[in-house]
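Peer 1: What follows is a protein structure lacking sequence information:
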């Protein structure tokens, strides 16, 4: 299941601090090409902080973040996106005042090339590119299954569709590594099922996925590997089956929650 | 002397911004309002100078409360640009109402102080300026005490830290905002009332005062009383330097040049956030 | 249908001098047109990138001064023994210089100011305007200070084979401003309907998300500032050569406020908004004046109107009318977005 096994993203002894507080302490893990890796852990374990550091939204106090041989530390988020690392946000985050199609067109930013001069002069190449972008946007919408909503305002979508749109915007940026921050939080079970099916289609395209998620059923079903964090430290790293049996994980986090999920 | 006035203006503005997240464009108008009230009481109604000062300040507090109640209350939770536009509208309206009532002619106010300066060891200081300075210091100290010691001051500090949490803990946000805006406005009116008798009163006097108050607040970091106090004195000092070394025409440009410089080097102001308020 | 409406509007605008014989009315229309161009340029920043710049008069003023100075020529000491002189240049060249230098200033000020956001940004932009005004006031040698630059020549073009044509008088200037306005409109429309415009809108709507899909924040903010400043500079240059006198008051905050009111009232983030707002607030003072209302009262009315618009029509007139139109046309259709990014969504 786990792709060709080559390391895509490596996080080495990453620490993140806010003022005097340490959010993440010496975190080390790898994501391999083509796999689905889940980061789990109780609230405040530092999962989102790690996400933010990888994608350039938070500075790392120390440690190295390397994606496909390029050091990400200190790069701006937009630069990291160019390298193929694209994320979604924990709180639903779309361009709410725009149509669904516009959202995707914005996501396709890196797929367009026309210079400002060409745009102002109205060269034919600009119109050609616009048509191509709209075509691509429709493909993306089709892929996540919300094409029928393309002319609606993003803010008028139902919650489940909104979260699909978020992923669609990220996909439009052509990630090779997609980071999803609690994508199914707040979804009902049908929506979650749909989402998992889409996740399967995304990985089938060869996109590596790093997932932060609280829904243990989902994590255990779709992950190739799971890394469990507690209080900024990694306490376990392995295939889902091992994680479920890991005594530290059960103690720190899973115990009660997993029992609930199973029951 | 100007340092004290600048500090008063800056403190009022910084309180309002820090607690309410409102960029108060009417601040300069409250300043000139204070000066015009002073003119009205002293020159037209022939009231006692010191009583007039108190009345002008009190009216500034009241006007601030009215602005908050009428204009800002319904904009709770609106983004900062929206409130800014409303305040700009209010500012333009107020300034021109002022101009209609008082006309564009500059007004002067006689002050009760002896015109002979106080001479202390070779340095001569005008009595009126000394008085302005002393009252300004007193008001600054009073504001510190108010924010630091009283119940409403505590509510202000809590709201400044985190409005939502403060609300959850039972702070009455409406009252706190009203008090903050009234206090800030009162300080601005007091500054105008104090300075009016020293210079002359003109309808446009508020503009430059407001812009300088912005400069002071930026210097000190938005939301810091201490920063505004230091910023006020610093700006007065730098203006003197600028007027002395460049040309007096550039005196008023110093503040703005300073804003640009400060934001280039330290986008959070000279005094960092953790020192702010109280 | 839409094309037809646009053509009709153009025909109307083009025919104005034919049926408006009153030179004063034409004068008002010309000045309104110039400020509408400035408002359109401000809209690019305020409406599309969401940055409230309260120093926009800087670019207008720089455009006016540069164009005036290049066409008049100047001699100025940059140091006691370093005299820089420029002989009078043709007006078209002066105007191009004005656009270029205003754009350059937009770039410089943008680079500096976009380090900060929100209230800080607003205050920094005000500061730039105030510094510019004080420099214009005090650098007598270059700007004549409060004495103002006088006798600025009007635009003159000489085409091969034709006599030189001077833009003197109302009718030629009306057409000049109209052409400039259409040009500005086309440039802005093309920009906002492109990848660059989408990037700007994305920054306004959701900056973290925009950067997560690879949009470089500063780059597009600065781009908007440059284009916006260049167009405002062009408006300033038109103003200088039409009015033929420039004084430091062009930097006044009230000019910026006028532009902001035009944009906000008309509808920020819509192409038609600043035009509608520009026409209303350009013509309103004249209407008020004809009722013998004093300028103070007029400004009070502006201030109150601005507050009312924020309360009652927070998106401005154009989106409000557009959504009314839509609701009337298709009762159950979803509300149209306030700003269109698909080509052709122009609400004239």
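Peer 2: Alright, I've got the coordinates. The structure displayed is predicted, hence computed values, not measured ones. Residues are numbered from 1 along each chain as shown, chains lettered A, B, ... in the order given.

Peer 1: Can the helix or strand harbouring residue B:86 be said to contact chain C?
Peer 2: Assigned by DSSP states H and E, residue B:86 belongs to helix B:80-102. Yes. With CB under 8 Å from any CB of the partner chain as the threshold, helix B:80-102 lies in contact with chain C, specifically through B:80-82, B:84-86, B:88-97, B:99-100. C-betas here are computed from N, CA, C, even on glycine.

Peer 1: For chain C, what's its nearest residue on the stretch 151-263 of chain A.
Peer 2: Across the stretch 151-263 of chain A, the shortest distance to chain C (CB to the nearest CB) belongs to residue A:173, at 4.1 Å.

Peer 1: Let me see the contact set for that residue.
Peer 2: A:81, A:86, A:107-110, C:212-214 (CB atoms under 8 Å, 6 or more residues apart in numbering or on different chains).

Peer 1: Would you mind naming what in the stretch 151-263 of chain A lies close to chain C?
Peer 2: Taking CB under 8 Å from any CB as the contact definition, the stretch 151-263 of chain A meets chain C at A:151-153, A:156, A:169-170, A:172-173.

Peer 1: Is the helix holding residue B:86 positioned near chain A?
Peer 2: No. Under the criterion of CB under 8 Å from any CB, chain A is not reached by helix B:80-102; the shortest gap measures 14.5 Å.

Peer 1: and that helix, what does it pack onto?
Peer 2: helix B:27-39, helix B:205-220, helix C:118-138, helix C:253-266, helix C:295-312 (3 or more CB pairs under 8 Å, 6 or more residues apart in numbering or on different chains; DSSP states H and E).

Peer 1: Tell me the helix or strand right after it.
Peer 2: Defined by DSSP H and E, the subsequent element after helix B:80-102 is strand B:107-108.

Peer 1: any idea how far residue A:116 is from residue C:197?
Peer 2: The gap separating residue A:116 from residue C:197 is 10 Å, by CB to CB, to the nearest Å.

Peer 1: ditto for residue A:173
Peer 2: Between residue A:173 and residue C:197 the distance, using CB to CB, works out to 18 Å.

Peer 1: do the same with residue C:125
Peer 2: With CB to CB as the criterion, residue C:125 and residue C:197 are 21 Å apart.

Peer 1: So the closest residue to residue C:126 other than its chain neighbours: helix, strand or coil?
Peer 2: With CB to CB, 6 or more residues apart in numbering or on different chains as the criterion, residue C:126 has its nearest non-adjacent residue at 4.9 Å, and that residue is residue C:54. Here residue C:54 is coil, with the state taken from DSSP: H, G, I helix; E, B strand; the rest coil.

Peer 1: Compare the residues of the stretch 151-263 of chain A next to chain C and tell me which has the most neighbours.
Peer 2: Taking other CB atoms under 10 Å in any protein chain shown to define a neighbour, the member of those with the most is residue A:169, carrying 30 neighbours.

Peer 1: My guess is that one contacts residue A:102. True?
Peer 2: No. The pair residue A:169 / residue A:102 is not scored as a contact, 10.2 Å apart, by CB atoms under 8 Å.

Peer 1: which neighbours do those two share?
Peer 2: Counting by CB under 8 Å, 6+ apart, the shared contacts of residue A:169 and residue A:102 are residue A:95.

Peer 1: quick one on the thing from earlier: so how far is the helix holding residue B:86 off the chain centroid?
Peer 2: Counting by CA atoms, centre = their mean, to the nearest Å, helix B:80-102 is centred 16 Å from the centre of its parent chain.

Peer 1: Then stretch A:29-40?
Peer 2: What separates the centre of stretch A:29-40 from the centre of its chain is 11 Å, taken as CA atoms, centre = their mean.

Peer 1: which outside residues touch that stretch?
Peer 2: A:1-11, A:47, A:50-51, A:177, A:199, A:203, A:206, A:208-214, A:216, A:219, A:222-229, A:234, A:237, A:243, A:253.

Peer 1: Tell me the span between the first and last residue of that stretch.
Peer 2: End-to-end span of stretch A:29-40 (CA to CA, to the nearest Å): 13 Å.

Peer 1: pLDDT (mean, whole number) over that stretch?
Peer 2: Stretch A:29-40 shows a mean pLDDT of 89.

Peer 1: quick one on the thing from earlier: in helices, which of the contacts of residue A:173 appear?
Peer 2: A:81, A:107, C:212 (DSSP state H).

Peer 1: Drop anything exposed from these.
Peer 2: A:81, A:107, C:212 (16 or more other CB atoms under 10 Å in any protein chain shown).

Peer 1: From what I see, residue A:22 and residue A:49 are in contact.
Peer 2: No. Under the contact definition of CB under 8 Å, residue A:22 does not touch residue A:49, with a separation of 9.8 Å.

Peer 1: Between the two, which is the more surrounded one?
Peer 2: Neighbour count, other CB under 10 Å: between residue A:22 and residue A:49, residue A:49 has more, with 23 against 16.

Peer 1: The more buried one and residue A:7, how far apart?
Peer 2: Remark: distance between residue A:49 and residue A:7 (CB to CB) = 22 Å.

Peer 1: Pretty sure residue C:150 is one of the things residue C:245 touches, is it not?
Peer 2: Yes. Using CB under 8 Å as the test, residue C:245 is close enough to residue C:150 to be in contact (5.4 Å).

Peer 1: Residue B:242 belongs to a helix, doesn't it?
Peer 2: Yes. The assignment for residue B:242 by three-state DSSP puts it in a helix.

Peer 1: which residue packs closest to it, ignoring adjacent ones?
Peer 2: Among residues not flanking residue B:242 along the chain, residue B:254 sits closest, at 3.7 Å (CB to CB, 6+ apart).

Peer 1: ok, that neighbour to chain A distance?
Peer 2: For residue B:254, the distance to chain A under the criterion CB to the nearest CB, to the nearest Å works out to 35 Å.

Peer 1: Just give me the neighbour total for that residue.
Peer 2: As a burial measure, the neighbour count of residue B:254 was computed by other CB under 10 Å and equals 22.

Peer 1: which strands and helices sit next to whichever helix or strand it is part of?
Peer 2: Of the helices and strands defined by DSSP H and E, residue B:254 is found in helix B:251-265. In terms of contacts (3+ CB pairs under 8 Å, 6+ apart), helix B:251-265 is packed against helix B:205-220, helix B:225-245, helix C:91-113, helix C:118-138.

Peer 1: Enumerate the residues of the stretch 1-150 of chain C near chain A.
Peer 2: When proximity is defined as CB under 8 Å from any CB, the stretch 1-150 of chain C does not approach chain A at any residue.

Peer 1: Poorly predicted segments of the stretch 1-150 of chain C, please.
Peer 2: Confidence mapping of the stretch 1-150 of chain C against pLDDT under 70 gives the ranges C:1.

Peer 1: Would the longest helix along chain C count as contacting chain B?
Peer 2: In terms of residue count, the longest helix belonging to chain C (DSSP H) is helix C:217-243. No. On the criterion CB under 8 Å from any CB, helix C:217-243 is out of touch with chain B, staying 13.7 Å away.

Peer 1: Can you check what angle separates that helix from helix C:118-138?
Peer 2: Relative orientation of helix C:217-243 and helix C:118-138, computed by axes from the mean of the first three to the mean of the last three CA atoms, to 10 degrees: 30 degrees.

Peer 1: which one is residue C:134 nearest to, not counting chain neighbours?
Peer 2: That would be residue B:253: by CB to CB, 6+ apart, it lies 4.1 Å from residue C:134.

Peer 1: meant to ask about residue A:114, not that
Peer 2: Counting by CB to CB, 6+ apart, the nearest residue to residue A:114 once its immediate chain neighbours are dropped is residue A:126, at 4.9 Å.

Peer 1: Residues of the stretch 51-200 of chain B that sit close to chain C?
Peer 2: Residues of the stretch 51-200 of chain B lying close to chain C by CB under 8 Å from any CB are B:71, B:74, B:80-82, B:84-86, B:88-97, B:99-100.

Peer 1: Residue B:264: neighbouring residues, count only.
Peer 2: By the measure other CB under 10 Å, the count of residues near residue B:264 is 13.
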